[in-house]
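**Q** Next comes the sequence, and after it the predicted model I'd like to discuss.
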Amino acid sequence: MSVPNWNVAGDRLIAIGRTFFGLALLGLGAEHFVFREFVTGRAPAWSQSVEGGLFWVYGSGVFVMLVGAAILTRRWGRPAALALGVLVFTWSLLRQLPIVAADALFAGSWTSAGKALTFFGGSFAIAATLPPVQGATTAVWRRFANSTDPFVRSGQYCLGSFLILAGVQHFKYLAFVATLMPSWFPGNAIWWSQFAGVALFACGVGLFISRIAPLAGLLAGLMIFSWVWIVHLPRLHTSVSDDIAIFEALAFSGVAFVVAGALAARGRAGARVRAKTAPILKRAAAGGSG
């Protein structure tokens, strides 16, 4: 039984995706110092009535950069990526949920929560592709930390959910989205914004369909990575949000590539198993029919 040819590139996609994600974390961690905010996952602002905000911002910025370095060097990468996922989940995603619940449908707070969700699931998917945890650790921790398929699926479904949300928001805020298109880009900005909304929604839905999920991840990664150069780089220093978005886009394209590569690798493994067991099953069926 054959597998689509592009699946052979699964390992390369994983390597490229991890590199993108690690580099993005180095940039986001540095921006903690530049903007004096916890920018990774767009967490709600620190309460001005509570002391220690800058200490938390700078400390977490160093931590995010260390995670990026660990992923790039593959040294302690798996536990570092898992720790980042837990941090973003508790400090960004959970704190965003009450704001989302009180806000209008598909409002800006939904975007921040969606980005936190993607960093959470994406960090776990990245961890699944890194060397397993070994050494003097408890068996329970090793079993959890060395999981593969559940972590990949977390990245797959979290990214898919965010892409669906972003696709819907492209139409709800169409006039604003059109302003993000650079003036030099050919064609009508409104049309391209609508096309991007459809593409985001389609890739998001595709990530929930097992048969086409690797292709959906690959196309989503290519699309988001193209926006690093077409949309975000030209808007650098336009606003704090735009400066953060360039590294977020790099990170999310990395997550998409890793998910695509990991799902493709799993598909190849499943195809090999089916190819090996098919003759056995045929012989068993032939013997049973007599």
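**A** It's in. Numbering: from 1, shown residues only.

**Q** Next, Thr238: secondary structure please.
**A** The three-state assignment at Thr238 reads coil, by DSSP: H, G, I helix; E, B strand; the rest coil.

**Q** count of neighbours near it?
**A** Neighbour count for Thr238, taken as other Cβ atoms under 10 Å: 12. Every C-beta, even on glycine, is put in place using the N, C-alpha and C of the backbone.

**Q** repeat for Trp56
**A** 15.

**Q** Next one: it from Ser161, what distance?
**A** 28 Å (Cβ to Cβ, to the nearest Å).

**Q** next one: Arg153
**A** In terms of Cβ to Cβ, Arg153 sits 12 Å off from Ser161.

**Q** and Gly59, what element?
**A** If you go by DSSP states H and E, Gly59 is part of helix 53-73.

**Q** Extract the residue ranges of the chain that are flagged as low pLDDT.
**A** Low-confidence segments of the chain (pLDDT under 70): 1-8, 136, 267-290.

**Q** Apply 90 and report the result again.
**A** Residue ranges of the chain with pLDDT under 90: 1-11, 46-52, 133-143, 183, 237, 265-290.

**Q** helices or strands next to the helix holding Gly59 in the packing?
**A** Helices and strands touching helix 53-73, by 3 or more Cβ pairs under 8 Å, 6 or more residues apart in numbering; DSSP states H and E, are helix 10-35, helix 77-88.

**Q** got CSV for those helices, with distance to Thr137 and mean neighbour count too?
**A** As requested, the helices and strands packed on helix 53-73 are exported to CSV (distance: least, Cβ to Cβ, whole Å; neighbours: other Cβ atoms under 10 Å):
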stretch, distance to Thr137, mean neighbour count
helix 10-35, 23, 21
helix 77-88, 9, 22
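
**Q** With distance to Ala196 added, can I get these in a markdown table?
**A** Listed next are the helices and strands packed on helix 53-73 as a markdown table, based on distance: least, Cβ to Cβ, whole Å:
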| stretch | distance to Ala196 |
| --- | --- |
| helix 10-35 | 20 |
| helix 77-88 | 25 |
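
**Q** Which one of the ones you listed lies nearest to Ile99?
**A** Closest approach to Ile99 among those (Cβ to Cβ): helix 77-88, 15.6 Å.

**Q** Can you tell me what sits against that closest one?
**A** Helix 77-88 has contacts (Cβ atoms under 8 Å, 6 or more residues apart in numbering) with 25, 40-41, 60, 63-64, 66-67, 70-71, 116, 119-124, 126-127, 130-133, 145-146.

**Q** just the buried members of the residues you listed?
**A** 25, 40-41, 60, 63-64, 66-67, 70-71, 116, 119-124, 126-127, 130, 133, 145-146 (16 or more other Cβ atoms under 10 Å).

**Q** Please give the number of neighbouring residues around the residue lying closest to Pro182 once chain neighbours are set aside.
**A** Leaving aside its chain neighbours, Pro182 sits nearest to Pro234 (4.9 Å; criterion: Cβ to Cβ, 6 or more residues apart in numbering). Close neighbours of Pro234, defined as other Cβ under 10 Å, add up to 16.
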